[in-house]
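show me how the following folds:
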Amino acid sequence: MSGLRSSYYQRLSCGFTLIELLIALVVGSIIAIVSVRFVSESGRMLLDSGARQQLAATAAIISEKISRQLRPALPGSIRVTADGRCVEYIPVTAASVYTDLALNTPVSSFSVVPVSASQNHSGYAVIYPVNQNELYQPAARGALTQATAVLPAGNAEVVVSLSSAHEFSADSPLRRFYLVGSPQAICQQGNFLYHFRDYGFIANVNALADFLPSSQADGRDVLAFPLQNNSLNFSYQPQTLQRNGLVTFSYVLESPASADQLQQTQEVQIRNVP
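Reported below is the predicted structural model:
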C-alpha cells in the first residue's frame with residue numbers, strides 16, 4: 001500500500017507531460033478561435049441589421065417626402081416624362097369657391113368665399129383644370145391665368161383681383177377656385193433625387209430636363225442620396241370626372257456603408273375636385 005501511495009505522489013510531482021500540454025494548447029486555441037469568430041459574426045450581424053434598418057427608415061422618409069409634395073397638386077396638373085425619371089406638378093397654395101364669375105369674357109376680378117380672416121394669398125388663378133395643355137401654356141384665355149391673382153383676407157365674401165384681365169372658358173361644376181404657384185418637379189439625376197422649382201412653365205414635359213435648375217440657389221434641392229442609378233420610375237394613371245388620379249413610383253436605395261439595397265414602391269392618390 002505504501003508503495004502505491006509513493007508512486008502516486010511521484011506522478012503528481014512530475015506535472016503534465018508534453019503531450020498533455022500540447023492537447024491543452026490545441027483545445028484552448030480551438031475554443032479561442034471559435035469564441036472570436038462568434039463575437040465577430042455577432043458584431044457583423046448587428047451592423048448589417050442596423051444598416052438594413054437605416055435603409056428602411058430612409059426609404060420611408062423619402063417616400064413620405066415625395067407623397068407630401070404630390071398630394072396637394074392641382075387636379076389635372078400631374079405629368080410624367082417618357083423615361084419615368086421625372087414627375088411634374090403645379091402646387092396648390094389656396095382653394096375656395098367662387099360666388100360670381102363671368103365666363104367667356106375678359107375679367108379683372110370675381111367674388112369668392114375667403115380662405116382666411118387674417119392672411120392674404122396670391123398666385124395664379126385656376127378654374128376647372130381639366131385641360132392639361134391650358135395649365136402648362138398659360139394664355140389670355142383658359143383655365144389658368146397668366147396674371148397674378150390676390151385673394152384678400154376677410155370674414156365675408158371677398159373679391160379676387162387679377163393683375164391683368166383673363167377670360168375663363170369653363171365653369172366648375174362645384175364652383176371650385178384655386179390659387180397655385182409655378183410648376184415644380186421631382187427627378188432623379190445620377191444617384192441623387194432632386195426637387196426643382198422656379199423654372200417656369202414648360203409646354204413639352206419631355207423637354208423638362210433642359211430647363212431644370214442646376215444649383216440650390218437657382219431652385220434645386222436634394223431630397224435623397226444615394227439611389228441606385230436610373231432606378232427611379234414614375235407612372236401616372238390620369239383622373240377622370242368619376243375617379244381620382246394615381247401616381248405610382250418605385251426606386252432602389254443603396255447603403256453607402258455596405259452593399260445592401262432596398263427596393264421601395266409607393267402609390268399617391270391625387271384627389272380630383274375640379
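
pull the number of nearby residues for Asn233.
Close neighbours of Asn233, defined as other Cβ atoms under 10 Å, add up to 16. Quick note: C-beta positions are derived from backbone N, CA and C, even for glycine.

distance of it from Arg85?
Asn233 sits 8 Å away from Arg85, going by Cβ to Cβ, to the nearest Å.

what does Arg175 give?
For Arg175, the distance to Arg85 under the criterion Cβ to Cβ works out to 37 Å.

just Thr148 next, same as before
Distance from Thr148 to Arg85, counting by Cβ to Cβ: 31 Å.

neighbour count for the two, which is higher?
The residue with the greater number of neighbours, taking Thr148 and Arg85 and applying other Cβ under 10 Å, is Arg85; the counts read 18 against 14.

give me the phi and psi angles of the more buried one.
Recorded main-chain torsions at Arg85 are phi -80, psi -20, according to degrees, to the nearest 10.

would you agree it is in contact with Ile186?
No: with contact defined as Cβ atoms under 8 Å, Arg85 does not count as touching Ile186 (9.5 Å).

now do the shared contacts for those two.
Here Arg85 and Ile186 share the contacting residues Phe234, scored by Cβ atoms under 8 Å, 6 or more residues apart in numbering.

how about the spatially most central residue of the chain, secondary structure?
With distances taken as Cα atoms, centre = their mean, the chain has Ile66 as the residue nearest its mean C-alpha position (2.0 Å). In three-state terms, and counting by DSSP: H, G, I helix; E, B strand; the rest coil, Ile66 is helix.

same check, this time on Leu21
Under the three-state scheme (three-state DSSP), Leu21 adopts helix.

Val115 now?
Assigned by three-state DSSP, the conformation of Val115 is coil.

cool, Ser77 as well?
For Ser77, the secondary structure call by three-state DSSP comes out as coil.

burial of the nearest residue to it once chain neighbours are set aside, as a residue count?
Taking Cβ to Cβ, 6 or more residues apart in numbering, and ignoring the residues beside it in sequence, Ser77 has Ile90 as its nearest neighbour in space, at 3.9 Å. The burial count assigned to Ile90 is 27, neighbours taken as other Cβ under 10 Å.
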